[in-house]
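1. give me the fold of what follows.
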Amino acid sequence: MNRKGTVWVTGASSGLGLHTATALRDAGWNVIAGARSFREPAFRDGMNLLPLDVTSEESVRAFRDRALAISPEVYALVQCAGMLVLGSCEETTVEEFRRVMDTNFLGMVRMNQQVLPLMRARGEGRIVLFSSINGLLGIPFQNAYTASKHAIEGYAEGLQMEVRPFGIQVMLVEPGDHRSGSDKYRPHGSRMNPDSPYTGEYERTVARIHHDETHGRDPDRLGRRIAKALERRRMPFRRRIASPDQHLAVWLHRFFPARLNEAVLRSYYTKKRKIR
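-> Numbers count the residues shown, from 1 in each chain. Sure thing, here's the model as predicted:
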């Protein structure tokens with residue numbers, strides 16, 4: 001298979017990162033995949049696997065150096081590393097907020113600062129940042145994650161304006177619910193317990209989130225759409241990959257009054273119902 005170029009993928013050991021890395025490999029890209037769970041460099045399943053902790057400057061630099069030793073040029077960076085903590089705003093600790101922001105947002109910043117000089121020197125490059133539907137609207141008890149994705153949305157807009165003169169394109173991917181991921185990266189907040197004043201609505205919301213993800217869209221299809229977008233002469237700045245009702249929710253959030261939006265979303269997540 002003819003290789004189209006080298007692409008680095010973060011968060012590639014599970015979830016949407018793994019499905020995206022696999023789709024890029026199948027589309028003919030030379031994939032260098034990074035994740036914390038890759039303890040040692042390896043070549044497996046047609047991809048180079050390298051250790052990468054995006055919360056560590058040292059790890060990010062080591063990944064860059066190892067990746068450049070494998071391939072001296074990087075055409076694209078696809079940033080999928082992420083985690084969330086489930087809990088109320090009141091009971092999610094500052095350290096839990098910090099850990100989510102450090103992984104989801106600052107991890108992207110660290111990786112971009114390593115790759116941008118390489119892309120500027122080439123006069124081209126592509127950066128794909130995983131946001132979420134939650135980067136456009138908030139839902140209860142997923143607030144640290146939502147805050148990190150809102151940060152990515154604003155950051156990406158400024159980034160694209162800065163790097164366009166150097167031939168670098170940026171794309172925000174805004175996935176809805178997909179059948180992927182691991183509960184290891186979705187822990188409950190350390191202070192959430194049966195005595196919490198939020199327990200009833202919290203448990204119903206978590207059940208709804210689990211249901212929607214379990215019955216979500218095909219993650220392989222998402223990976224293929226990202227691979228196809230990378231091949232376009234001009235990538236779209238935003239690529240929302242979600243179900244029709246989630247597209248509608250974003251549209252309503254944009255145009256409905258705030259109180260009506262709150263009522264609709266709160267009812268959807270916290271209302272007592274049987275979830276099958």
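
2. confirm A227 sits in a strand?
-> No: counting by DSSP: H, G, I helix; E, B strand; the rest coil, one finds A227 to be helix, located in no strand.

3. list the contacts for it?
-> Counting by Cβ atoms under 8 Å, 6 or more residues apart in numbering, A227 touches T20, A23, L24, D26, A27, W29. All C-beta spots, glycine's among them, are computed from the backbone N, C-alpha and C.

4. element containing the third one, please.
-> It refers to L24. Element membership for L24, per DSSP states H and E: helix 15-26.

5. what packs against that helix?
-> Here helix 15-26 touches strand 6-10, strand 30-35, strand 47-51, strand 76-79, helix 219-230, going by 3 or more Cβ pairs under 8 Å, 6 or more residues apart in numbering; DSSP states H and E.

6. from the contacts of A227, which is closest to G158?
-> For these, the minimum distance to G158 (Cβ to Cβ) is 24.1 Å, reached by T20.

7. residues in contact with the helix holding L24?
-> The set of residues external to helix 15-26 that reach it, using Cβ under 8 Å, 6+ apart, is 7, 9-12, 31, 33, 35, 45-47, 78, 80-82, 130, 175, 178, 180-182, 185, 219-220, 222-224, 226-227, 230.

8. need the next SSE after the strand ranked longest in the chain, C-terminal direction.
-> In the chain, with assignment by DSSP state E, the single longest strand is strand 168-175. For strand 168-175, the following helix or strand on the C-terminal side (DSSP H and E) is helix 199-214.

9. quick one on the thing from earlier: closest one to L265 among the helices and strands packed on helix 15-26?
-> Nearest of the helices and strands packed on helix 15-26 (Cβ to Cβ): helix 219-230, 23.3 Å.

10. can you list contacts of the helix or strand just after the closest one?
-> Of the helices and strands lying after helix 219-230 in sequence (DSSP H and E), the nearest is strand 238-241. Here strand 238-241 makes contact (Cβ under 8 Å, 6+ apart) with 133, 171-176, 217, 222, 225-226, 229, 247, 250.
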